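K.L.:
Please find the sequence and the predicted model below.
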Amino acid sequence: MENIAPQLYTLLVFMVIGSIVAVETKNLLSAVISVSAVGFALSVAFLFMGAPDIAITQLVVEVLVLIILIRGTILLDNTAVETHRDTLAVVASLIFFGLLLGFGAMIFGSKGFPEFGEPLMRVSRVYVQTGLPATYAANIVTSVILDFRAYDTLGEATVLFTSVLGALALLRKDGKVKGEEVATA
Amino acid sequence: MKGMTLIVKTITDFVVAFIVVFGAYIVLYGHLTPGGGFAGGVIIACAFILLLLAHGSDAAFAVLPEKVAHIFDSAGALAFLIIGWVGVTGGFFFLNVFGRGEAFRLLSSGMILPLNIAIAFKVGSSLFLVFAALAMFRRRSFRAMIEEELS
């Protein structure tokens, strides 16, 4: 595999800048667009790492989320937020970031990062070696998520089903009494 | 939502069928090429959302009524579960008991193709429903706000 580190680092810097803009900007629309830019960069990063399946899914979900956030949720006259940041939240984030860096240094500090895709774990070796003969699916990702790990995909489908049920129950128009939220609160 | 200008409507009429066909291709060839039920379902949902944005919610619901989308949503989830239970006849939940066929052909790999189609129906209709519900909610709350201002 050729060296893809320069491209990945460029995308990483872009994503970090996009995230900072999304958090710091005062305009909600700019924040939404910055978050989407981060998602598209992540999709390109997946392509560089040789994962077209994930790249396609990331791309289409990003497009859908962008449309929903802009068109479905942001009111035209309420695009500015006026909240000030919680000190405790900032301190907690900094502590956890420090812990992440510390543990990363403990684990990878002496030996350095392993090669990309190395070592091949025991379970994934079985998937890679028996994926085609066991399922006859040419796309190994599909053979994993819908054959070896179909039970996980069932859980994922259940999560989506439940969340859609919840969204429709909250946003329904039939059988909703005016002032219901106030009465039940 | 009353829709957008004539230019957007015309372009939408041109491209919407191609988007649906591309989504169906991503779904049906999910076990051969990159893609699969989830990505293809989202692409198909995007086609209907484009229809909703360009022509308004009435036109979109004329193509895919809310009730039908509900039925597709539930039927996709149920079909997924039923295909899993079919595997029990061979011994395990989600055992691939269907004929495997020949590798690199469209009709191969047993239950993966029907599972992909079930997920596509589920994901496509449910994401379209979420978008439609949010659009309706926004319009209604917007109208309520204006009425409050006027009264």
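P.N.:
Yep, that arrived. Numbering: from 1, shown residues only, chains lettered A, B, ... in the order given.

K.L.:
elements contacting the longest helix along chain B?
P.N.:
The residue-count maximum for a helix in chain B (DSSP state H) belongs to helix B:112-150. Helices and strands touching helix B:112-150, by 3 or more Cβ pairs under 8 Å, 6 or more residues apart in numbering or on different chains; DSSP states H and E, are helix A:52-67, helix A:140-143, helix A:150-170, helix B:6-28, helix B:37-55, helix B:57-63, helix B:66-86. For glycine as for every other residue, the C-beta is placed from the backbone atoms N, C-alpha and C.

K.L.:
The same query, at a cut-off of 7 Å, please.
P.N.:
helix A:150-170, helix B:6-28, helix B:37-55, helix B:57-63, helix B:66-86 (3 or more Cβ pairs under 7 Å, 6 or more residues apart in numbering or on different chains; DSSP states H and E).

K.L.:
Pick the most deeply packed of those helices.
P.N.:
helix B:37-55 (a mean of 25; mean count of other Cβ atoms under 10 Å in any protein chain shown).

K.L.:
can you list contacts of it?
P.N.:
When contacts are defined by Cβ atoms under 7 Å, 6 or more residues apart in numbering or on different chains, helix B:37-55 is touched by residues A:56-57, A:60-61, A:63-64, A:67, A:71, B:3-4, B:8-9, B:12, B:16, B:19-20, B:22-24, B:26-27, B:30, B:59-60, B:63-64, B:115-117, B:119-120, B:122-124, B:127-128, B:131-132, B:135.

K.L.:
With stretch A:152-172 instead?
P.N.:
By Cβ under 7 Å, 6+ apart, the surrounding residues in contact with stretch A:152-172 are A:145-146, B:73, B:77, B:80-81, B:84, B:119, B:122-123, B:126, B:129-130, B:133-134, B:137.

K.L.:
per-residue pLDDT, residue B:51?
P.N.:
Here the pLDDT value assigned to residue B:51 is 91.

K.L.:
roughly how far apart are it and residue B:128?
P.N.:
Look at residue B:51 and residue B:128: by Cβ to Cβ, to the nearest Å, they are 9 Å apart.

K.L.:
what does residue B:84 give?
P.N.:
25 Å.

K.L.:
Tell me where the model's unsure across chain B.
P.N.:
Scanning chain B for pLDDT under 70 picks out B:1-2, B:138-143, B:145-146, B:148-149, B:151.

K.L.:
Can you pull up the most central residue in it?
P.N.:
By Cα atoms, centre = their mean, chain B has its centre lying nearest to residue B:124, at 1.5 Å.

K.L.:
quick one, what contacts that one?
P.N.:
By Cβ under 7 Å, 6+ apart, residue B:124 lies in contact with B:41, B:44, B:45.

K.L.:
Just put those residues in a markdown table and tack on distance to residue A:129.
P.N.:
Putting the contacts of residue B:124 into a markdown table (distance: Cβ to Cβ, whole Å) gives the following:
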| residue | distance to residue A:129 |
| --- | --- |
| B:41 | 30 |
| B:44 | 34 |
| B:45 | 36 |
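
K.L.:
which one among these gets closest to chain A?
P.N.:
For those, the minimum distance to chain A (Cβ to the nearest Cβ) is 6.8 Å, reached by residue B:45.

K.L.:
Within range of chain B, give me the residues from chain A.
P.N.:
With Cβ under 7 Å from any Cβ of the partner chain as the criterion, chain A comes near chain B at residues A:52-53, A:56-57, A:60-61, A:63-64, A:67-68, A:71-73, A:75, A:132, A:135-139, A:142-143, A:146-147, A:150-151, A:154, A:157, A:160-161, A:164, A:167-168, A:171, A:173.

K.L.:
What subset of these is buried?
P.N.:
Among those, the ones that count as buried by 16 or more other Cβ atoms under 10 Å in any protein chain shown are A:53, A:56-57, A:60-61, A:63-64, A:67-68, A:71-72, A:132, A:135-139, A:142-143, A:146-147, A:150, A:154, A:157, A:160-161, A:164, A:167-168, A:171.

K.L.:
Verify the stated contact: residue A:69 with residue A:34.
P.N.:
No - Residue A:69 lies out of contact with residue A:34 (Cβ atoms under 7 Å); the separation is 11.5 Å.

K.L.:
All the helices of chain A, residue numbers only.
P.N.:
In chain A, the helices defined using DSSP H lie at A:5-24, A:28-48, A:52-67, A:87-108, A:122-135, A:140-143, A:150-170, A:180-184.
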